[in-house]
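**Student:** any chance you could fold what I've pasted below:
(4 chains)
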There are 2 protein chains.
Amino acid sequence: MARRSIRIQPEGCCTPPLRSPAPVEGGSEAIVSRFKALADATRFEIFRLVAAQDAPVCACDIVDRFEVSQPTIAHHMKVLERAGLITVSRQGVWAYYAVDPRGLEAIGVVMSGLMPAGLPASSVVR
Amino acid sequence: MARRSIRIQPEGCCTPPLRSPAPVEGGSEAIVSRFKALADATRFEIFRLVAAQDAPVCACDIVDRFEVSQPTIAHHMKVLERAGLITVSRQGVWAYYAVDPRGLEAIGVVMSGLMPAGLPASSVVR
DNA sequence: CAACTACATAGACACACATCTATATTTACT
DNA sequence: AGTAAATATAGATGTGTGTCTATGTAGTTG
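**Tutor:** As a prediction, the model looks like this:
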């Protein structure tokens, strides 16, 4: 818990009063869950692999390319899916994954909103 | 560990061969550490608060605005700093934090590189 | 139907981490 | 010098999570 004591504002500190950040559209939780999904090295590499393809990627290909077990891959795919970063389409026994552009877009919107004022959006994008 | 057995490619699956993603500039680890830094609700809100200001933010103000202890805030600031997302400047006893635009920019570059081909960069930025 | 394959689920386990309290360190002021 | 304040560090603790093995489920094929 925070120490809620009455603190006297020192002279040179804490001026001017802080501005409240604009609310995150879609909610902070959704964005944080997306960051969480990308905050694991294996999962980030999986996502990059899926994003590098033109067509949806078969789960078996992902299992083949990483040194973790099949259940671990399945777990990671579910995390990415629940974060809204990838979509799944199942055909028979196989599962195909593709990037959900809306997830990336949502992050991009928030990111550009965090850019310091005065800096162009081109600082966020290539 | 992954089951490294010889898997026979089924008929409709796993064609065409996967493309390898382009290497992440600055290294995947740096980007993942940035995602990690933003993947905690409290830390994300701290970052948003700092990003919403024109001037650097005094640490004491951050402590005041969150319901966690001062050492926890200090810990979070260090994580954000080590991830290259904020900069610190110390004046006397006080510490002032500001967004490091290079950190945001690095994420933006990677993000736009992950966007599905054919979609415009405006899908990543506002 | 039976065997096989692709993926998902369950449970266990080790490690990471967000948080706390207590204390140290550094700076300012009297 | 001595006290008070701002921040950092140390250590403890509970929860979260990445990974595994074992097993389940559902398609496919002989």
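**Student:** C-alpha only now, for contacts and for neighbours.
**Tutor:** Will do.
**Student:** pLDDT weak spots in chain A?
**Tutor:** Low-confidence segments of chain A (pLDDT under 70): A:1-16, A:118-126.
**Student:** which SSE is residue A:73 in?
**Tutor:** When secondary structure is defined using DSSP states H and E, the element that contains residue A:73 is helix A:70-82.
**Student:** same check on residue A:97?
**Tutor:** With elements delineated by DSSP H and E, residue A:97 resides in strand A:94-99, which encompasses its position.
**Student:** that strand close to DNA strand D?
**Tutor:** No - using Cα under 7 Å from any atom of the strand, we find that strand A:94-99 stays clear of DNA strand D, coming within 8.0 Å at best.
**Student:** who does the helix or strand containing residue A:47 touch, helix- and strand-wise?
**Tutor:** Per DSSP H and E: residue A:47 is located in helix A:41-51. Using 3 or more Cα pairs under 8 Å, 6 or more residues apart in numbering or on different chains; DSSP states H and E as the contact criterion, the elements in contact with helix A:41-51 are helix A:28-38, helix A:70-82, strand A:94-99, helix B:28-38.
**Student:** follow-up on the earlier one: CA atoms only for the helix holding residue A:73 - export them in CSV, please.
**Tutor:** Taking only C-alpha atoms (Å, rounded to 0.1, in the frame of the first residue of the first chain), the coordinates of helix A:70-82 have been written out as CSV:
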residue,chain,number,x,y,z
GLN,A,70,3.8,-29.1,-29.1
PRO,A,71,1.7,-28.3,-26.0
THR,A,72,3.8,-25.2,-25.3
ILE,A,73,3.3,-24.0,-28.9
ALA,A,74,-0.5,-24.6,-28.5
HIS,A,75,-0.4,-22.6,-25.3
HIS,A,76,1.4,-19.7,-27.0
MET,A,77,-1.0,-19.7,-29.9
LYS,A,78,-3.9,-19.4,-27.5
VAL,A,79,-2.3,-16.5,-25.7
LEU,A,80,-1.7,-14.7,-29.0
GLU,A,81,-5.3,-15.4,-30.1
ARG,A,82,-6.9,-14.3,-26.9
